[in-house]
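*Asks:* The amino acid sequence is not available; the structure is as follows:
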């Protein structure tokens, strides 16, 4: 019998923030968690999947997950950009806080240019 696939969890995301960023939990963790939820809403699957909690943590730290448009090719590119900026494995490229992420989602919904576009 195959082992069940474990999806990301709030505990795993929090653990990764602590492990990877010297125990500083803050807005960058909130943005990452929101990005993971957005990814799942857009694709129907968690961005990070594995057989064990350690595998989830390793994949999260490495930033290894498929781009949302590889799973759902019809997604608008700007929405994918917003999602991936939220999930960046490094803190600096992410939105500084949840409000900034929400502002970019609102821009996208209004048909305005997003700030996440490089």
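*Replies:* On my side now, so go ahead. This is a predicted model, so every value here is computed, not measured. Numbers count the residues shown, from 1 in each chain.
*Asks:* C-alpha only now, for contacts and for neighbours.
*Replies:* Will do.
*Asks:* Do a quick rundown of the helices in this protein.
*Replies:* 10-20, 27-43, 53-62, 68-71, 77-86, 98-109 (DSSP state H).
*Asks:* Can you give the contact residues for the last one?
*Replies:* Outside helix 98-109, the residues that touch it by C-alpha atoms under 8 Å, 6 or more residues apart in numbering are 27, 30-31, 34, 78-79, 82, 86, 95, 113-116.
*Asks:* ok, of those residues, which one's closest to residue 59?
*Replies:* residue 86 (15.9 Å; C-alpha to C-alpha).
*Asks:* Now do the closest one against residue 36, distance only.
*Replies:* Computed as C-alpha to C-alpha, to the nearest Å, the residue 86 to residue 36 distance reads 8 Å.
*Asks:* Of those two, give the one with the bigger neighbour count.
*Replies:* residue 86 (30 against 24; other C-alpha atoms under 10 Å).
*Asks:* you'd agree the more buried one is up against residue 94?
*Replies:* Yes. Between residue 86 and residue 94 there is a contact under C-alpha atoms under 8 Å: 5.2 Å.
*Asks:* Could you list the low-pLDDT ranges of the chain?
*Replies:* Within the chain, the segments meeting pLDDT under 70 span 1-24, 118.
*Asks:* which neighbours do residue 86 and residue 36 share?
*Replies:* Counting by C-alpha under 8 Å, 6+ apart, nothing touches both residue 86 and residue 36.
*Asks:* and residue 107, how far is that from residue 100?
*Replies:* As judged by C-alpha to C-alpha, residue 107 and residue 100 stand 11 Å apart.
*Asks:* got it, and residue 38?
*Replies:* 14 Å.
*Asks:* Neighbour count: these two, which is higher?
*Replies:* Legend: neighbour count by other C-alpha under 10 Å for residue 38 and residue 100, higher for residue 38 (22 against 15).
*Asks:* so that one makes contact with residue 83?
*Replies:* Yes. If you go by C-alpha under 8 Å, residue 38 and residue 83 touch, sitting 6.4 Å apart.
*Asks:* residue contacts, residue 114?
*Replies:* 78, 82, 104-105, 107-108.
*Asks:* And it, how far from residue 108?
*Replies:* With the distance defined as C-alpha to C-alpha, residue 114 ends up 6 Å from residue 108.
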